[in-house]
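**Student:** following is a predicted model, sequence given first.
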Amino acid sequence: MEISIQSVIQEMLFDNKARGLSKNTIIFREKTRKVFSVFFLYQNDILNISEIKPIHIKQYLVDRLECGYSETSVNAQLGIIRAFVCILCIVFNKEINMIDLANHINS
């Protein structure tokens, strides 16, 4: 079964609200996830989680830096990407190499 990026984003939004995170935190995370999914869809033609490779995440992070985001902001976005991977693994019981993917982002 293919899992779409959008379904994981929806699950993360629900999880953030259920955990009672602040409105500003939820807004920041939602904005980052939208940019993240648009990056994959339009620049890499990726619709499903199984298509994401470590190089795609590195490209996204480089793109954010080239757009003028500070390293602190990009690191915050990286944290959101890691949460994205965790939601995928926990909620969707998906044991693809996403854990390896998260570990390889910084390598």
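**Tutor:** Sure, I can see it.
**Student:** so residue 24 lies in a helix, does it not?
**Tutor:** Yes. Assignment of residue 24 by DSSP: H, G, I helix; E, B strand; the rest coil places it within a helix.
**Student:** what's around it, how many residues?
**Tutor:** Other residues near residue 24 number 8, with proximity taken as other C-beta atoms under 10 Å. Bear in mind the C-beta positions are built from the backbone N, C-alpha and C, glycine included.
**Student:** what do you get for residue 58?
**Tutor:** Using other C-beta under 10 Å, the number of residues around residue 58 comes to 14.
**Student:** averaged pLDDT, the helix or strand containing it. What do you get?
**Tutor:** With secondary structure defined by DSSP states H and E, residue 58 is part of helix 54-66. Helix 54-66 shows an average pLDDT of 88 in the prediction.
**Student:** for it, C-alpha coordinates in PDB please.
**Tutor:** What follows is helix 54-66, C-alpha atoms only, in PDB (Å, rounded to 0.1, in the frame of the first residue of the first chain):
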ATOM      1  CA  PRO A  54      18.000  11.000   1.500                       C
ATOM      2  CA  ILE A  55      19.200  13.100  -1.400                       C
ATOM      3  CA  HIS A  56      15.800  14.600  -1.700                       C
ATOM      4  CA  ILE A  57      15.800  15.800   1.900                       C
ATOM      5  CA  LYS A  58      19.300  17.200   1.500                       C
ATOM      6  CA  GLN A  59      18.200  19.000  -1.600                       C
ATOM      7  CA  TYR A  60      15.200  20.500   0.300                       C
ATOM      8  CA  LEU A  61      17.500  21.700   3.100                       C
ATOM      9  CA  VAL A  62      20.000  23.200   0.600                       C
ATOM     10  CA  ASP A  63      17.000  24.900  -1.200                       C
ATOM     11  CA  ARG A  64      15.900  26.500   2.100                       C
ATOM     12  CA  LEU A  65      19.400  27.800   2.700                       C
ATOM     13  CA  GLU A  66      19.600  29.200  -0.800                       C
END
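**Student:** pick out the residue closest to the middle of this protein.
**Tutor:** For the chain, the residue nearest the mean C-alpha position is residue 81 (3.2 Å; C-alpha atoms, centre = their mean).
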